[in-house]
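**Student:** Any chance you could fold what I've pasted below:
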Amino acid sequence: MGLFGFFSKEKKESLDKGLEKTRENFFTKLTKTLIGKSSIDDDVLDNLEEVLVTSDVGVETTLKIVKRVQERVARDKYTGTGELNRILKEEIAALMAENYKGLDEKSISDKLPAKPYVIMVVGVNGVGKTTTIGKLAYQFKKEGKKVVLGAADTFRAAAVDQLTIWAKRVDVPIVSQGMGADPASVAYDAVASAKAQDADVCIIDTAGRLHNKINLMNELSKIKRVMEKVMPDAPHEILLVLDASTGQNAFEQAKQFIAATEVNALALTKLDGTAKGGVVIGVSDQFKVPVKYIGVGEKMEDLQLFDRNEFVNSLFNAQN
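**Tutor:** Reported below is the predicted structural model:
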């Protein structure tokens with residue numbers, strides 16, 4: 001069985017519950033736009049555009065979706081508003097499939113391509129970065145993987161303390177040098193320790209600062225260069241954690257971090273506490289970086305491996 005297992009009934013229920021606010025918000029708005037309308041006309045499409053934008057799908061992605069719906073209606077001669085939900089669901093699913101084209105999703109959950117598999121986690125303070133690391137460590141360990149954590153967010157004492165608490169909670173070793181230490185030095189020691197312990201996974205926390213993009217870029221680049229001295233291809237994954245509840249701020253954070261370093265995976269947290277889950281669609285589309293994990297609750301198991309088909313099905317679940 002691959003990492004995080006198959007998409008079980010429990011995970012589906014958790015996802016459905018986690019997307020409840022987004023789903024209710026989206027379809028309440030959509031239903032209002034269709035009152036008194038029997039056909040999909042320009043007014044309906046304009047209102048659909050407004051619904052998507054205000055659901056934090058993002059302007060660029062919204063225009064793509066509306067154009068696809070418009071072309072579909074014209075091509076297939078759909079006119080009734082009763083068809084709109086199904087068309088919208090299918091076109092969002094198709095758009096997300098295009099964005100993930102060439103990504104072997106099974107490789108995400110099957111055998112890890114390196115040992116230790118080094119994950120460098122980036123993101124601003126407050127997005128749930130440390131919690132995501134802890135839950136990731138738990139999930140990996142649950143699947144029988146040996147995990148080492150690295151506390152390279154040395155800018156705040158609280159960050160080191162929080163990660164240490166998670167390490168104890170999950171019962172995995174942590175490499176730490178305390179507040180004020182050189183982050184690159186911590187990362188080096190963590191990867192070296194993971195190698196020495198024959199660990200399967202090494203997860204490195206980094207500082208969540210965005211006040212100066214040049215400093216951020218330099219710091220992350222230095223951490224990456226130093227890790228490469230231990231493992232030439234490390235880090236294998238640069239995971240950007242974004243708080244879905246911040247909506248459009250998440251887009252700006254993604255833009256900054258993707259410019260600063262080679263982000264190749266995204267984690268969207270706090271979906272259960274927001275009506276802004278549409279950001280998942282927009283972020284993955286605009287930045288062409290796959291969403292790998294989503295957080296849909298407080299429990300350890302509520303950090304899920306992202307399945308775009310299950311996400312779209314769940315988003316439209318109340319309408320099926």
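
**Student:** going forward, measure contacts between C-alpha atoms and count neighbours the same way
**Tutor:** Noted.

**Student:** And the helices in the stretch 151-300 of the chain?
**Tutor:** Using DSSP state H, counting those that start in this stretch, the helices of the stretch 151-300 of the chain run over 157-170, 183-196, 213-230, 248-260, 279-287.

**Student:** what comes up buried for the last one?
**Tutor:** What that stands for is helix 279-287. In terms of neighbour count (16 or more other Cα atoms under 10 Å), helix 279-287 has its buried residues at 279-286.

**Student:** As CSV, those with distance to Gly144 and pLDDT would be great.
**Tutor:** Shown next, in CSV, are the buried residues of helix 279-287 (distance: Cα to Cα, whole Å; pLDDT from 0 to 100):
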residue, distance to Gly144, pLDDT
Val279, 33, 89
Val280, 30, 88
Ile281, 32, 89
Gly282, 34, 90
Val283, 32, 89
Ser284, 30, 84
Asp285, 33, 89
Gln286, 35, 88
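
**Student:** returning to what we had before: redo the helices of the stretch 151-300 of the chain as TSV? Include distance to Lys142.
**Tutor:** Listed next are these as TSV, based on distance: least, Cα to Cα, whole Å:
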stretch	distance to Lys142
helix 157-170	10
helix 183-196	18
helix 213-230	26
helix 248-260	30
helix 279-287	27
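
**Student:** which stretch among these comes nearest Thr33?
**Tutor:** Closest approach to Thr33 among these (Cα to Cα): helix 279-287, 20.9 Å.

**Student:** for the closest one, packing partners?
**Tutor:** Counting contacts by 3 or more Cα pairs under 8 Å, 6 or more residues apart in numbering; DSSP states H and E, helix 279-287 packs against helix 59-76, helix 84-99, helix 248-260.

**Student:** looking at the ones you listed, which is closest to Lys292?
**Tutor:** Of all those, it is helix 84-99 that lies closest to Lys292, at 12.9 Å by Cα to Cα.

**Student:** Against which helices or strands is that closest one packed?
**Tutor:** Applying 3+ Cα pairs under 8 Å, 6+ apart, one finds that helix 84-99 contacts helix 59-76, helix 279-287, helix 308-315.

**Student:** Turn the helices and strands packed on helix 279-287 into JSON lines, including distance to Ala158, mean pLDDT and mean neighbour count.
**Tutor:** Listed next are these as JSON lines, based on distance: least, Cα to Cα, whole Å; pLDDT from 0 to 100; neighbours: other Cα atoms under 10 Å:
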{"stretch": "helix 59-76", "distance to Ala158": "37", "mean pLDDT": "90", "mean neighbour count": "16"}
{"stretch": "helix 84-99", "distance to Ala158": "37", "mean pLDDT": "85", "mean neighbour count": "17"}
{"stretch": "helix 248-260", "distance to Ala158": "22", "mean pLDDT": "86", "mean neighbour count": "18"}
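
**Student:** Out of the ones you listed, the one nearest Trp166 is which?
**Tutor:** Closest to Trp166 of the helices and strands packed on helix 279-287, according to Cα to Cα: helix 248-260, at 24.8 Å.

**Student:** Count the neighbours of the residue nearest to Ala260 when sequence neighbours are not counted for me.
**Tutor:** The shortest distance from Ala260 to any non-neighbouring residue, by Cα to Cα, 6 or more residues apart in numbering, is to Met217 (4.5 Å). The number of residues packed near Met217 is 17, by other Cα atoms under 10 Å.

**Student:** following the helix or strand bottoming out on mean pLDDT in the chain, which helix or strand comes up?
**Tutor:** Every helix and strand of the chain was ranked by mean pLDDT, DSSP states H and E. The lowest is helix 105-109, at a mean of 44. Following helix 105-109 in sequence order, the next helix or strand is strand 117-122 (DSSP states H and E).
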